[in-house]
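# Sequence isn't available, so here's the structure alone:
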């Protein structure tokens with residue numbers, strides 16, 4: 001399925017693939033794992049842990065424009081600026097980082113475990129060309145803001161064709 005402009009911009013992709021209740025689809029590898037009743041809880045825990053260790057989390061982002069800039073915002077609470085790597089080209093931005101736990105808790109002591117800990121990344125294809133040299137990034141109250149100045153548009157200049165008279 002071809003990605004729409006929105007999918008390219010946000011890095012998401014809608015899927016209409018149906019899978020049966022006894023199967024789980026790993027979103028990055030598009031593979032199915034058999035979870036039929038014959039799969040024990042221990043096997044399921046091992047499969048889940050292996051997949052978590054292999055994969056990176058994906059940042060939730062907002063991307064919008066002002067008259068002069070493209071703005072990308074993402075909540076990255078718990079990540080220091082030293083643990084972030086932002087790569088910018090004229091048409092794409094990639095944010096990579098790692099969220100580390102401050103304390104180790106045994107899995108059996110959790111009631112809920114919904115926060116993502118570990119490496120994450122997100123690549124955003126930009127809708128317009130930007131000036132990567134003037135890009136800025138800042139973190140305030142756990143929100144990463146990347147400001148990307150739009151590239152100056154080439155103005156069309158018309159010239160008059162003169163007739164060469166000899």
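Okay, I see it. Note that the coordinates shown come from a computational prediction; the quantities given were computed from them, not determined experimentally.
# Point out the other elements, helices or strands, that the helix or strand containing residue 86 touches.
Per DSSP states H and E: residue 86 is located in strand 84-88. Applying 3 or more CB pairs under 8 Å, 6 or more residues apart in numbering; DSSP states H and E, one finds that strand 84-88 makes contact with strand 92-99, strand 136-140, strand 143-149. In short, each C-beta sits where N, CA and C put it, glycine included.
# Can I get the ones you listed in JSON lines including mean pLDDT?
Output for these, formatted as JSON lines (pLDDT from 0 to 100):
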{"stretch": "strand 92-99", "mean pLDDT": "92"}
{"stretch": "strand 136-140", "mean pLDDT": "93"}
{"stretch": "strand 143-149", "mean pLDDT": "95"}
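# So which of those is nearest residue 130?
Closest to residue 130 of these, according to CB to CB: strand 143-149, at 4.2 Å.
# residues making contact with that closest one?
Here strand 143-149 makes contact (CB atoms under 8 Å, 6 or more residues apart in numbering) with 68-76, 84, 86, 88, 93, 95, 126, 130-132, 134-139.
# one more time with 10 Å
Strand 143-149 is contacted from outside by 59, 61-63, 65-66, 68-77, 79, 81, 84, 86, 88, 90, 93, 95, 97, 124, 126, 128-139, using CB atoms under 10 Å, 6 or more residues apart in numbering.
# Report the buried members of these.
59, 61, 63, 69-70, 72, 74, 76, 79, 84, 88, 93, 95, 97, 124, 126, 130, 132, 135, 137 (16 or more other CB atoms under 10 Å).
# Give me the buried positions along stretch 95-110.
For stretch 95-110, by 16+ other CB under 10 Å, it's 95-99.
# can I get these in CSV with distance to residue 116?
Converted to CSV, the buried residues of stretch 95-110 look like this (distance: CB to CB, whole Å):
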residue, distance to residue 116
95, 14
96, 14
97, 11
98, 11
99, 7
